[in-house]
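Chemist: Got a sequence here, can you model it:
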Amino acid sequence: MIKTKSGNILIFISLAVTMILWLVFQFRIEDFPSLFLYQLNQVAALIGTLLLSWSMFLATRLNVLEYLFDGMDGVYKSHKKVSIWGMVIIISHVAFLAVQKMPNLDRAVGMFFPIHNQIFVNVGAWSLWSFVLFVATTLLMKKIKLPYHIWKYTHKITGIALILAFVHIVLTPGLVSLPILNFWILFTIGAGIACWIYFEFLYKLLTMNYAYQISAINKVGDVFKIDLTPQDKNMSYKPGQYAYLSFAKSKIKREAHPFTITSHPDDNKLTFAIKILGDYTSTLDNLQVGDIANINGPYGNFADRFLSSDTDAVFIGGGIGIAPFMSMIKEAKKQTNDRKVSIFYCTKFKCEAYFDEEFTKDIGENLNISYINKCSREEGRLAVTEITEKIKDIKNTLVFICGPKRMVHPLEKDLILQDFSKNNIVSENFDLL
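Modeler: Predicted structure coming up:
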């Protein structure tokens, strides 16, 4: 959705509070500029650890995050940004310390390593290298083709690194000398540690988990359509939501991955559409009917605006991004109002429109729903004029877009240029790494 994310505003406010507290309680004008590097070092330590604490909170999958950051894709992007910036600032913190040791090169370089007599310095160095390991593997995982399940283990290190940073701050003499600033910093870092403990050790115990059995598997091209039936209780969900799946299968890694639910809540089965995109999804050929799936969820608020109104709507799905609209269109069919819904299923070729038959069947002779499969390599990319032809009231029509970033962002800009309200455009893209 094109609007200011309130979660990012909260991050900015927390940074501003930290700076104000430091200026009021820690900064001394008489120390400037003679102790300028020392002051920069303090600020970098406080801001860097605060951002890394935010990264822990953003990894918890709490439902409130999706409202604060406009969808889980927004959460992931903010998580990535604050993690990288937090790491850069923490490295700057150590770099400022090193510069203060110049011209003694040995002492300057030594600030990056745990080779000191003072415990707090060694703890800080171990914290630094733990963060560096995680960020390096995250940035390079595609280039070095690091399997996701291995990267997940490096992700666990971040909590340990934050604990070490917490100990480092507590033990460092004079870093935070006044109670109110000391409380604020230790509170924010402690909250980050609590978030890590929650996600790593308590998440599965405190969230809703369901056991389902695979009742059918249909592979069409590079997409798996998987039907599941509950072994015990049903999972309640809304159209357009997703859930985390893992399979109790020896030839498939047991880590959980998010996939969109394509069935409707009224269906007697739970269905997912999964496209082969990486090392994990490429192993799903090993699945068989009767295998057990562990499901955690549901998550997502992508369709909330559609479900809570009777306004005309446009659905635009690119490739596997059509998945959330499978259940949303079934919901549209059930409604008794005169709402008009236009669906644009964007693929490169007609043969890649794996859900074409299902859309055609679901829509049937419903005069309030129109459907077009737009094949970019055969007919060119979807143009805004093709969308406006289906719409009576541009200002009030809701537009939902889901697909790759290279499709979503240009479409959003073009729609706004054609007088679509930016507040009525709801989008998600899945270029998350």
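Chemist: low-scoring stretches of the protein, by residue?
Modeler: 1-4, 31-34, 142, 174-178, 250, 430-433 (pLDDT under 70).
Chemist: Spit out the contact partners of residue 305.
Modeler: Going by Cβ atoms under 8 Å, 6 or more residues apart in numbering, residue 305 touches 398, 424, 426. Where you see a C-beta, it was placed from the backbone N, CA and C, and this is true even at glycine.
Chemist: same thing but at 10 Å, please
Modeler: Applying Cβ atoms under 10 Å, 6 or more residues apart in numbering to residue 305 gives the contacts 1, 240, 311, 313, 398, 400, 423, 424, 426.
Chemist: can you pick the most crowded of those?
Modeler: residue 240 (28 neighbours; other Cβ atoms under 10 Å).
Chemist: and the nearest residue to that one once chain neighbours are set aside, how many residues sit next to it?
Modeler: Excluding the flanking residues, the one nearest residue 240 by Cβ to Cβ, 6 or more residues apart in numbering is residue 303, at 2.9 Å. Number of residues near residue 303 (other Cβ under 10 Å) recorded here: 21.
Chemist: ok, now how distant is residue 303 from residue 237?
Modeler: Distance of residue 303 to residue 237, computed by Cβ to Cβ, to the nearest Å: 11 Å.
Chemist: what sits in contact with each of those two?
Modeler: By Cβ under 10 Å, 6+ apart, the residues touching both residue 303 and residue 237 are residue 327.
Chemist: Quick check: next helix or strand after the helix ranked longest in the chain?
Modeler: If you go by DSSP state H, the chain has its longest helix at helix 72-100. Following helix 72-100 in sequence order, the next helix or strand is helix 105-110 (DSSP states H and E).
Chemist: Which elements pack onto that following helix?
Modeler: helix 72-100 (3 or more Cβ pairs under 10 Å, 6 or more residues apart in numbering; DSSP states H and E).
Chemist: quick one: buried residues of the helix it packs on?
Modeler: 72-83, 85-87, 89-98 (16 or more other Cβ atoms under 10 Å).
Chemist: and what of stretch 341-355?
Modeler: Applying 16+ other Cβ under 10 Å to stretch 341-355 flags 341, 342, 343, 344, 345, 346, 347, 352, 353, 354, 355 as buried.
Chemist: now the helices: where do they sit in the stretch 51-200 of the chain?
Modeler: For the stretch 51-200 of the chain, applying DSSP state H, counting those that start in this stretch gives helices covering 63-68, 72-100, 105-110, 119-140, 148-171, 179-197.
Chemist: which other residues reach the first one?
Modeler: Around helix 63-68, the neighbours that count as contacts under Cβ under 10 Å, 6+ apart are 5-11, 57-59, 62, 71-76, 78-79, 207, 298-302, 304.
Chemist: which of those count as buried?
Modeler: Judged by 16+ other Cβ under 10 Å, buried ones among these: 5, 7-8, 11, 57-59, 62, 71-76, 78-79, 298-302, 304.
Chemist: Not counting residues beside it along the chain, what's closest to residue 351?
Modeler: residue 221 (7.5 Å).
Chemist: Quick check: that neighbour vs residue 382, distance?
Modeler: 21 Å.
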